[in-house]
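Undergrad: model the following, please.
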Amino acid sequence: MSISVAIMAAGLGTRMKSTIPKVLHTISGFEMLYHIIKEAKCVSDDVHVIIYHQAELIKEKMSDYFNDIHFVIQDHQNFPGTGGAIMGVNPKYDQLLVLNGDMPLLQASDMQNFTHFNAEVVMSAFTCQEPFGYGRVIMDHNNNVQKIVEEKDATELEKEVKTVNAGVYLFQTSFLKAHLSKLTNQNIQNEYYITDLISLANDVKAILVDEHTFMGVNSKYHLSIAETLMQERIKRAFMEQGVVMRLPQTIYVEADVAIEGECVLENGVSLLKGTKLVNAHIKTNSVIEKSTIINSSIGPMARIRPDSVIENSHIGNFVEIKKSTLKGVKAGHLSYLGDSEIDEGTNIGCGTITCNYDGKTKYKTIIGKNVFVGSDTQLVAPVCISDDVIIASGTTVTKDIPKGSLAINRAPLKIVENFFYKFFGSQK
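TA: Prediction:
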């Protein structure tokens, strides 16, 4: 790790039309800035994040993930613009890679490509058929970069250039120290442009990059495109590792999901952050969030909420599980199991509910081995059901049940003959 990294995340992001800072909008479960920092840390142990707009919020969010990055507050009043942003960065190494916080698709391998060239400045560029909005890269006949012209400052002739700036640079630190002070804000925006450094350099190399990988997210529409591209990348990697996906374009998998062994994901499945699957079959339209599923089938149309562990179990349709551990359990349909521990051999009947919340506190339900829970049972927590228990259908359990017992508390059935005819007034 012989390069430093600076990530520009100080912009207002007005085109996002949101009160949320642009770099904190999420893609595949994580903020855009998280993705770029994560990859940057693979190539450098000296990562600087430049912030200004809602700086404390950005710092707070990223500090939840990273504790060894440097935050730099841009002096936006005196030194606005991209050039002003890097004036406050003090690199540890001889090279500084400058990235943008709105490029969530960049990977460490893309960053490392810049280090293969020996020049004062290495910049990224791609050919664009519709270059409106991009800075144009002006080169001579030998493809040496002469300057970069922003769209707002470009002449009509320069606007016809289709080679555009992708916005990532590798600078020699010595070059920056010698030339940053030479930048001026004599332009339409009265800002200091990082692109003006190109005209001050004697040796500028441009590397052609993939437009999609280097795309900047400036609007909610761009956000949707980046989401689609990242999802394709995530799911392709899993399928190449052996995961079966039925209609993968309908499946959503967040960036930190782990999948091991023989797994099948049917159409409409959502795997949210913190989820781990091992030899699991997740059926149509089921949602798994921050939970571990091992040797089990889930769904269709089941919801597994955070902090659940399900092993060697079958969870059927319209079953919701939250913060529960199930081992060797069958819960076929239409049940809610929250804050519970359920052991092997137990069958949960249709309509079973753990009543875990009294309006103030969540309580736990513990169910032992080989328990048969009849349909339409309410388990009022805190409660413990021992091994080898039968709970009759329609029972409300409000106390612990000892091993080997039957629990039943149905009201006697009352039949009033001919009531229908009395109620409606005549006999049909």
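
Undergrad: only C-alpha atoms for contact and neighbour calcs from this point on.
TA: Fine.

Undergrad: got the domain ranges for the chain?
TA: Using automatic domain parsing, the domain parsing of the chain gives 4-220, 236-407.

Undergrad: lowest average pLDDT across the ones you listed?
TA: Lowest mean pLDDT within these: domain 4-220, at a mean of 93.

Undergrad: what about that one, start to end distance?
TA: 31 Å (Cα to Cα, to the nearest Å).

Undergrad: also stretch 240-247?
TA: The first and last residues of stretch 240-247 sit 15 Å apart, counting by Cα to Cα.

Undergrad: stretch 8-15 now?
TA: 17 Å.

Undergrad: identify the residues contacting it?
TA: Stretch 8-15 is contacted from outside by 21-23, 33, 49-53, 55, 74, 82, 85-86, 98-102, 218-219, using Cα atoms under 8 Å, 6 or more residues apart in numbering.

Undergrad: for stretch 287-305, same thing?
TA: Counting by Cα under 8 Å, 6+ apart, residues outside stretch 287-305 touching it are 269-286, 306-323.

Undergrad: got the buried residues for stretch 255-271?
TA: By 16 or more other Cα atoms under 10 Å, the buried positions in stretch 255-271 come out as 255-259, 263-271.

Undergrad: any idea how far it is from the middle of the chain?
TA: Centroid displacement of stretch 255-271 relative to its chain, using Cα atoms, centre = their mean, to the nearest Å, is 15 Å.

Undergrad: end to end on it, go ahead and measure it.
TA: Using Cα to Cα, the two ends of stretch 255-271 sit 9 Å apart.

Undergrad: what number of residues lie near residue 332?
TA: 19 (other Cα atoms under 10 Å).

Undergrad: do residue 221 as well
TA: Residue 221: 11 neighbours (other Cα under 10 Å).

Undergrad: cool, and the one 4 residues further on?
TA: Applying the criterion other Cα under 10 Å, we find 16 residues in the vicinity of residue 225.

Undergrad: contacting residues for residue 121?
TA: Shown in contact with residue 121 (Cα under 8 Å, 6+ apart): 169-172, 198, 201, 203-205.

Undergrad: for residue 365, that is, sorry about that
TA: So residue 365 contacts 338-341, 354, 356, 379-385 (Cα under 8 Å, 6+ apart).

Undergrad: in ChimeraX, select just the buried ones from those residues.
TA: Burial among the contacts of residue 365 is assessed by 16+ other Cα under 10 Å; the matching ChimeraX selection reads:
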select :338,339,340,341,354,356,379,380,381,382,383,384,385
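
Undergrad: and which of the contacts of residue 365 is nearest residue 64?
TA: Set against residue 64, the nearest of the contacts of residue 365 by Cα to Cα is residue 339 (26.0 Å).

Undergrad: that closest one and residue 323 touch, don't they?
TA: Yes - counting by Cα atoms under 8 Å, residue 323 is a contact partner of residue 339 at 5.0 Å.

Undergrad: tell me the one among the contacts of residue 365 nearest to residue 59.
TA: Distance to residue 59 across the contacts of residue 365 (Cα to Cα) is lowest for residue 339, with 33.5 Å.

Undergrad: just the strands in the stretch 1-150 of the chain please.
TA: 4-9, 26-27, 30-31, 47-51, 70-73, 95-100, 121-127, 136-139, 145-149 (DSSP state E, counting those that start in this stretch).

Undergrad: and the angle for the first one with strand 95-100?
TA: Spelled out, that is strand 4-9. With axes from the mean of the first three to the mean of the last three Cα atoms, to 10 degrees applied, the angle from strand 4-9 to strand 95-100 works out at 20 degrees.

Undergrad: name every strand pairing with strand 4-9 and say which way it goes.
TA: strand 47-51 (parallel), strand 95-100 (parallel) (DSSP bridges).

Undergrad: pull the distance from it to the chain's centre.
TA: Worked out by Cα atoms, centre = their mean, strand 4-9 lies 21 Å from the chain centre.

Undergrad: buried residues in it?
TA: 4-9.

Undergrad: would a markdown table of these with distance to residue 122 be doable?
TA: Listed next are those as a markdown table, based on distance: Cα to Cα, whole Å:
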| residue | distance to residue 122 |
| --- | --- |
| 4 | 14 |
| 5 | 14 |
| 6 | 15 |
| 7 | 16 |
| 8 | 17 |
| 9 | 21 |
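
Undergrad: circling back: which of the buried residues of stretch 255-271 sits closest to residue 192?
TA: Among the buried residues of stretch 255-271, residue 255 lies closest to residue 192 (Cα to Cα), at 35.4 Å.

Undergrad: now that closest one. Nearest residue, chain neighbours left out?
TA: residue 28 (5.5 Å; Cα to Cα, 6 or more residues apart in numbering).

Undergrad: for that neighbour, grab phi and psi.
TA: phi 50, psi 40 (degrees, to the nearest 10).

Undergrad: surely it touches residue 251?
TA: No - checked against Cα under 8 Å, the pair residue 28 and residue 251 is beyond contact range at 11.7 Å.

Undergrad: if I look at the residue nearest to residue 255, how far off is residue 225?
TA: Taking Cα to Cα, one finds residue 28 at 12 Å from residue 225.

Undergrad: intersection of neighbour lists for the two?
TA: Listed contacts common to residue 28 and residue 225 are nil; contacts here mean Cα under 8 Å, 6+ apart.

Undergrad: save the strands paired with strand 4-9 as TSV, and put in mean neighbour count too.
TA: Shown next, in TSV, are these (neighbours: other Cα atoms under 10 Å):
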stretch	mean neighbour count
strand 47-51	25
strand 95-100	24
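
Undergrad: take the ones you listed and write them to TSV, including distance to residue 243.
TA: Below are the strands paired with strand 4-9 laid out as TSV (distance: least, Cα to Cα, whole Å):
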stretch	distance to residue 243
strand 47-51	35
strand 95-100	33
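
Undergrad: in the stretch 201-350 of the chain, which spans are helices?
TA: 220-240 (DSSP state H, counting those that start in this stretch).

Undergrad: what are the boundaries of the helices in the stretch 1-150 of the chain?
TA: Going by DSSP H, counting those that start in this stretch, the stretch 1-150 of the chain shows helices at 32-40, 55-63, 81-85, 108-112.

Undergrad: tell me what residue 97 is bridged to.
TA: The partner residues for residue 97, given DSSP bridges, come to residue 5, residue 170.

Undergrad: quick one, what contacts it?
TA: By Cα under 8 Å, 6+ apart, the contact list for residue 97 reads 3-6, 111, 168-171.

Undergrad: just residue 391 next, same as before
TA: Going by Cα under 8 Å, 6+ apart, residue 391 touches 371-374, 377, 406-408.
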